[in-house]
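Participant: can't give you the sequence, but here's the structure:
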Ligand SMILES: Nc1ncnc2c1ncn2[C@@H]1O[C@H](COP(=O)(O)OP(=O)(O)OP(=O)(O)O)[C@@H](O)[C@H]1O
């Protein structure tokens, strides 16, 4: 397994890029530690696959270097980098049996047959295909074939990293949950460096220790699921992670107070700098309280999810969502307050540090 250093990587698919907008991947300069479980999370087109393919060697970055354990692998092929990669759709040998598909990467490296059998049997149990081991892959369903692909990615324990590109797209929802849990267990057991691309926050947050959130060709935050929830560095992170996402309202600032539509909101502390830029206040629905005192609030809808309700309404012209626990009553004429512990401030979409 390897530490991965992304040294000032940039990538463009354009022959002669003229501006930053021509880069599918803006500058990435990070170290990912040996044995880490990383998820690359972001919407379609934000550059996740480009970054993953740069790590695997399927794409050579236009600029910068990539190092595995300090060794420059920028110009090396995926085989030379010793990487396992699992794609969105099955990549298997249809005419081979399930067992032989899984054994192939091991036999290629001349592993003794007894060890091949032990390892393949372990993986077959994990992907729940033990009873089909000696069937040809050709006759299997799409999700069974994808499980073989996943198994092939996991079968070797001597790879530098295992890369997954939306590997569970064709798997049915229940199996998805099981495989994700097993991947996590496997990671704990063997400590592989794993990088997992997805646009699904549940998949990212349950799989990874560290989530890398991408937006428009840029990494906007790298953090634990808890950090992304409590302190989104960019309004996009607040909006993209969480269900519903963070409420964001434009404010003007006056020391330790934010003003929205003539209403004053006490901040936990004044911001360190005086921003010239567009300022916004972000508060997750879990920190919005519906009370009898506070700012005027009109309710549009109440959605009962069993354990809590999601109340959507308006503070002046601004849409606000609140999560209300099942055991709390919603006042007949509700007003709204924001728990200071959940308040974040943003200048031009980037989080501002507060004093103290
Ligand atoms: N081979 C290519 N040639 C030209 N442009 C490309 C190529 N591959 C990707 N792009 C462009 O680069 C940008 C990033 O694409 P990329 O596939 O890396 O994003 P993504 O986050 O993985 O999206 P998705 O989830 O849809 O795969 C997009 O604007 C895409 O159109």
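Facilitator: Yep, it's here. If you're wondering where the values come from, they're calculated on a predicted model, not measured in any experiment.
Participant: tell me which parts of the stretch 51-200 of the chain are close to the ligand?
Facilitator: residue 199 (Cβ under 6 Å from any ligand atom). From N, CA and C alone the C-beta is placed, and that goes for glycine too.
Participant: can you give me the strands for the stretch 51-200 of the chain?
Facilitator: 63-68, 71-72, 83-86, 161-165, 194-198 (DSSP state E, counting those that start in this stretch).
Participant: any idea which of those gets closest to residue 310?
Facilitator: Minimum separation from residue 310 across the strands of the stretch 51-200 of the chain (Cβ to Cβ) falls at strand 194-198, 23.9 Å.
Participant: how about residues contacting the closest one?
Facilitator: 4, 32, 36-41, 48-49, 52, 55, 161-167, 183, 187, 203-204, 207-208 (Cβ atoms under 8 Å, 6 or more residues apart in numbering).
Participant: centroid residue for this structure?
Facilitator: In the chain, the residue lying closest to the centroid (Cα atoms, centre = their mean) is residue 41, at 3.0 Å.
Participant: check contacts around that residue.
Facilitator: By Cβ under 8 Å, 6+ apart, the residues touching residue 41 are 48, 198-201, 204, 211-214, 240-241.
Participant: lowest-confidence helix or strand of this protein?
Facilitator: When the helices and strands of the chain are compared on mean pLDDT, DSSP states H and E, helix 173-190 comes out lowest with a mean of 83.
Participant: any of the contacts of residue 41 buried? List them.
Facilitator: For those, a burial check counting by 16 or more other Cβ atoms under 10 Å picks out 48, 198-199, 201, 204, 211-214, 240-241.
Participant: so which of the contacts of strand 194-198 sit within helices?
Facilitator: 48-49, 52, 55, 183, 187, 203-204, 207 (DSSP state H).
Participant: hang on, residue 258 packs against residue 281?
Facilitator: Yes: counting by Cβ atoms under 8 Å, residue 258 touches residue 281, with 5.2 Å between them.
Participant: which neighbours do these two share?
Facilitator: Residues touching both residue 258 and residue 281 by Cβ under 8 Å, 6+ apart: 251, 265, 345.
Participant: before we move on, the earlier item: give me the pLDDT for the residue nearest to the centre of the chain.
Facilitator: In this model, residue 41 is scored at 96, pLDDT.
Participant: quick one, what contacts the nearest residue in space to it that is not next to it in sequence?
Facilitator: Of all residues not flanking residue 41 in the chain, residue 204 sits nearest, at 4.1 Å (Cβ to Cβ, 6 or more residues apart in numbering). Taking Cβ under 8 Å, 6+ apart as the criterion, residue 204 is in contact with 39, 41, 196, 198, 211.
Participant: please redo it, this time with the cut-off set to 7 Å
Facilitator: For residue 204, the contacting residues are 39, 41, 198, 211, by Cβ atoms under 7 Å, 6 or more residues apart in numbering.
Participant: determine which two of these are furthest apart.
Facilitator: Farthest pair in the contacts of residue 204, by Cβ to Cβ: 198 and 211, 9.7 Å.
Participant: so of the buried ones among the contacts of residue 41, which ones are in helices?
Facilitator: Within the buried ones among the contacts of residue 41, residues falling in helices by DSSP H are 48, 201, 204, 240.
Participant: between those, which is closest to the ligand?
Facilitator: residue 48 (3.6 Å; Cβ to the nearest ligand atom).
Participant: so that closest one versus residue 166, what's the distance?
Facilitator: 9 Å (Cβ to Cβ, to the nearest Å).
Participant: can you put the contacts of residue 204 in JSON lines and add distance to residue 24?
Facilitator: Shown next, in JSON lines, are these (distance: Cβ to Cβ, whole Å):
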{"residue": "39", "distance to residue 24": "19"}
{"residue": "41", "distance to residue 24": "17"}
{"residue": "198", "distance to residue 24": "18"}
{"residue": "211", "distance to residue 24": "20"}
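Participant: from the residues you listed, pick the one nearest the ligand.
Facilitator: residue 198 (8.6 Å).
Participant: do you know the pLDDT at the closest one?
Facilitator: pLDDT, read off for residue 198, is 94.
Participant: cool, residue 2 as well?
Facilitator: So residue 2 comes in at 89 (pLDDT).
Participant: and if you look at residue 154?
Facilitator: We have a pLDDT of 90 for residue 154.
Participant: ok, it - contacts?
Facilitator: 123, 162, 186.
Participant: quick check: it vs residue 355, distance?
Facilitator: According to Cβ to Cβ, residue 154 and residue 355 sit 48 Å apart.
Participant: can you check residue 140 too?
Facilitator: From residue 140 to residue 355 the distance is 61 Å (Cβ to Cβ).
Participant: which of those two has more neighbours?
Facilitator: Neighbour count, other Cβ atoms under 10 Å: between residue 140 and residue 355, residue 140 has more, with 19 against 12.
Participant: excluding its backbone neighbours, what's nearest that one?
Facilitator: residue 132 (6.9 Å).
Participant: the one you found reaches residue 98, doesn't it?
Facilitator: Yes: counting by Cβ atoms under 7 Å, residue 98 is a contact partner of residue 132 at 5.2 Å.
Participant: same drill for these two, tell me which one is more crowded.
Facilitator: Applying other Cβ under 10 Å to residue 132 and residue 98 shows that residue 98 carries more neighbours, namely 26 against 18.
Participant: residues in contact with that one?
Facilitator: Counting by Cβ under 7 Å, 6+ apart, residue 98 has contacts 129, 132-133, 135, 137, 148.
Participant: got a pLDDT number for it?
Facilitator: Looking at residue 98, the pLDDT reads 97.
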